[in-house]
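Colleague: attaching a predicted model along with its sequence, questions to come.
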Amino acid sequence: MVSEDVLRTHLQELRRGTVVVASLVALRRPDYGYALLQRLTDHGFPVDANTLYPLLRRLEDQGLLTSEWNTEESRPRKFYRTSDEGESMLSRLLDDLAAVQTSITGLIQGVDR
Amino acid sequence: MNTLTNRYLAATLRSVPAPRREEIASELRASIDDMIEGRTDGGQDATTAEREVLTELGNPDLLAAQYADRRLQLIGPTYYLVWLRLLKLLLSFIPALAGTVVAIVTAAEGKGFGAIGTGIVVALHVFVHICFWLTLVFALIERSQTPVDLPEWTVDQLPDTPVHRGIPLADTIASVVFLVATIGYLPLQHYRSWVRGTDGDNIPVLDPPLWSFWLPALIVVMLGTLVFEIVKYRIGRWNWALFGTKALLNLAFSVPLVWLALSDRLLNPDLGERLSWLADADNRNLIGVAIAVGTAAILVWDLIDTALKTRRQTA
């Protein structure tokens, strides 16, 4: 029986990079931090608030997201959207994710590449 | 307003770079309000919701570090190994060297044994300084984010396969020190034994005529043993050739010693002049027998012990 701690560590490692991919996909439709958090959680990407908010800023600094303040609603919110650069990065990441899935499937079936 | 949220924001923004503070503040406040609202909509009361949300966001310093992309380690994996190797290298000789130099200088000024204490204090100071300054330099390199060109690791740096030692260095050092001390003692006792004659002259412990042949012969054997110990260490393991050589060397030392002791030629007869107990021939014989039996016992025990080691290590 694997210990819970070990399992949790490996799951965390496995999930780490997918938050970026999921955010870039989700933000093809502009959204603000908390709403994005809800959407990701609803779609099976549970992510901590203290991870997601700094991550959004980092992705913006890297030019993968653009942002805009929306002051029309009850409180001003910063809306993020996936930039063109983010989009091309995303397609590379998705390709790689698919490649990983293919490789794993191939390995499981015992097929040499 | 001294609300929990305000305090949390202040604590977070304190360590975020100034240019982006305003923006992060507005965004974080909006996010916190959104999160609280999400909970109060579910029927929770506002105070509990606020506490829970801030608890979920966690330690503000940690959050700020993530915003600022700051490193939460003194020395990271890039530099840790270099830091450790350098630290070990410097600590391996500099404190001892500095301590020794200071102790010698202090002793030369006539401070006597107090010099040892001064030396130890200086060595400790140097130790702490090396640890501190080296770590500081590496912590600064880690934070400056300027890439330092570390030499790539290559296979040529691999150390030789460790020899599986059957002969510990400590044993060899102990043997060498003992041999050197014994060789040194032989001339020393001739000129400065602890026994003085009635006229105040020095009385050698060993019979001076032995210097015509036997003592030089024993010194030669001991020098041979010294060379043998070093060769043995270089080889690293016992084998039967080494065992044979050691047996011959031991016999060459012990047999003359036993013979001299039994024939009462070892001790200086003049000792009887000061130690009346030694003037009696029976007592002198007793000492001779004791030396002979002791030497023989050591010889036999050593040969058996070595034979066992050799058999184990050649198996």
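Modeller: Arrived safely, thanks for sending. Note that the coordinates shown come from a computational prediction; the quantities given were computed from them, not determined experimentally.

Colleague: residues touching residue 48, list them.
Modeller: All of this is about chain A. B:E56 (CB atoms under 8 Å, 6 or more residues apart in numbering or on different chains). All C-beta spots, glycine's among them, are computed from the backbone N, C-alpha and C.

Colleague: name the SS class of A:I104, please.
Modeller: Three-state assignment for A:I104 (DSSP: H, G, I helix; E, B strand; the rest coil): helix.

Colleague: quick check: residues of chain A near chain B?
Modeller: With CB under 8 Å from any CB of the partner chain as the criterion, chain A meets chain B at residues A:32-35, A:38, A:48-51, A:53-54, A:57-58, A:75-78.

Colleague: get me the contact residues on the stretch 1-150 of chain B for chain A.
Modeller: Within the stretch 1-150 of chain B, the residues that sit near chain A (CB under 8 Å from any CB) are B:23-24, B:26-28, B:30-31, B:33-35, B:38, B:56-58, B:62-63, B:66-67, B:69.

Colleague: among the residues you listed, which ones are in strands?
Modeller: Using DSSP state E, no member of those sits in strands.

Colleague: which among the residues of chain A next to chain B count as buried?
Modeller: For these, a burial check counting by 16 or more other CB atoms under 10 Å in any protein chain shown picks out A:Y32, A:G33, A:Y34, A:A35, A:A49, A:N50, A:Y53, A:P54, A:R57, A:R77, A:K78.

Colleague: so who does the residue lying closest to the last one once chain neighbours are set aside touch?
Modeller: Across the structure, with CB to CB, 6 or more residues apart in numbering or on different chains as the measure, the residue nearest A:K78 apart from its sequence neighbours is B:E27 (4.8 Å). Contact partners of B:E27, counting by CB under 8 Å, 6+ apart, are A:G33, A:Y53, A:R77, A:K78.

Colleague: what two of those residues are the furthest from one another?
Modeller: The distance between the two most remote of those (CB to CB) is 12.4 Å, for A:Y53 and A:R77.

Colleague: any shared contact partners between those two?
Modeller: Overlap of the contact sets of A:Y53 and A:R77 (by CB under 8 Å, 6+ apart) consists of A:G33, B:E27.

Colleague: what's the neighbour count on residue 106?
Modeller: All of this is about chain A. 12 (other CB atoms under 10 Å in any protein chain shown).

Colleague: chain B is the one I meant
Modeller: When neighbours are counted by other CB under 10 Å, B:T106 registers 18.

Colleague: whichever strand or helix holds it - what's its average pLDDT?
Modeller: According to DSSP states H and E, B:T106 maps onto helix B:77-108. Mean pLDDT, computed over helix B:77-108, is 87.

Colleague: which strands and helices sit next to the next helix or strand after it?
Modeller: Downstream of helix B:77-108, the next assigned helix or strand under DSSP H and E is helix B:114-144. Helix B:114-144 sits against helix B:77-108, with contacts defined as 3 or more CB pairs under 8 Å, 6 or more residues apart in numbering or on different chains; DSSP states H and E.

Colleague: please point out which parts of the helix it packs on sit buried.
Modeller: Within helix B:77-108, judged by 16+ other CB under 10 Å, the buried ones are B:Y79, B:W83, B:L90, B:P95, B:A98, B:G99, B:V102, B:A103, B:T106, B:A107.

Colleague: on that earlier part again, so which of the buried ones among the residues of chain A next to chain B belong to helices?
Modeller: Per DSSP state H, helices hold the following members of these: A:G33, A:Y34, A:A35, A:A49, A:N50, A:Y53, A:P54, A:R57.

Colleague: okay if I get those as CSV plus pLDDT?
Modeller: Compiled in CSV, these are given as follows (pLDDT from 0 to 100):
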residue, pLDDT
A:G33, 90
A:Y34, 92
A:A35, 92
A:A49, 91
A:N50, 90
A:Y53, 92
A:P54, 91
A:R57, 91
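
Colleague: using JSON lines, lay out these together with distance to A:E4.
Modeller: Formatted as JSON lines, these follow (distance: CB to CB, whole Å):
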{"residue": "A:G33", "distance to A:E4": "30"}
{"residue": "A:Y34", "distance to A:E4": "30"}
{"residue": "A:A35", "distance to A:E4": "32"}
{"residue": "A:A49", "distance to A:E4": "23"}
{"residue": "A:N50", "distance to A:E4": "22"}
{"residue": "A:Y53", "distance to A:E4": "28"}
{"residue": "A:P54", "distance to A:E4": "27"}
{"residue": "A:R57", "distance to A:E4": "32"}
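
Colleague: now flag whichever of these is closest to B:V300.
Modeller: Nearest member of these to B:V300, counting by CB to CB, is A:N50, at 75.8 Å.

Colleague: can you pull the contacts of the closest one?
Modeller: Contacts for A:N50 (CB under 8 Å, 6+ apart) come out as B:E56, B:L57, B:G58, B:L62, B:L63, B:Q66.

Colleague: for A:T82, grab the count of nearby residues.
Modeller: When neighbours are counted by other CB under 10 Å, A:T82 comes out with 21.

Colleague: pLDDT score assigned to the spatially closest residue to it that is not a sequence neighbour?
Modeller: Leaving out its chain neighbours, the residue that sits closest to A:T82 by CB to CB, 6+ apart is A:L27, at 4.6 Å. At A:L27, the pLDDT value in this model is 95.

Colleague: helices or strands up against the helix holding B:T106?
Modeller: So helix B:77-108, by 3+ CB pairs under 8 Å, 6+ apart, packs with helix B:114-144.

Colleague: before we move on, the earlier item: adding distance to B:A307 as columns, could you present the buried ones among the residues of chain A next to chain B in CSV?
Modeller: Below are those laid out as CSV (distance: CB to CB, whole Å):
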residue, distance to B:A307
A:Y32, 85
A:G33, 80
A:Y34, 82
A:A35, 84
A:A49, 74
A:N50, 70
A:Y53, 75
A:P54, 71
A:R57, 75
A:R77, 87
A:K78, 84
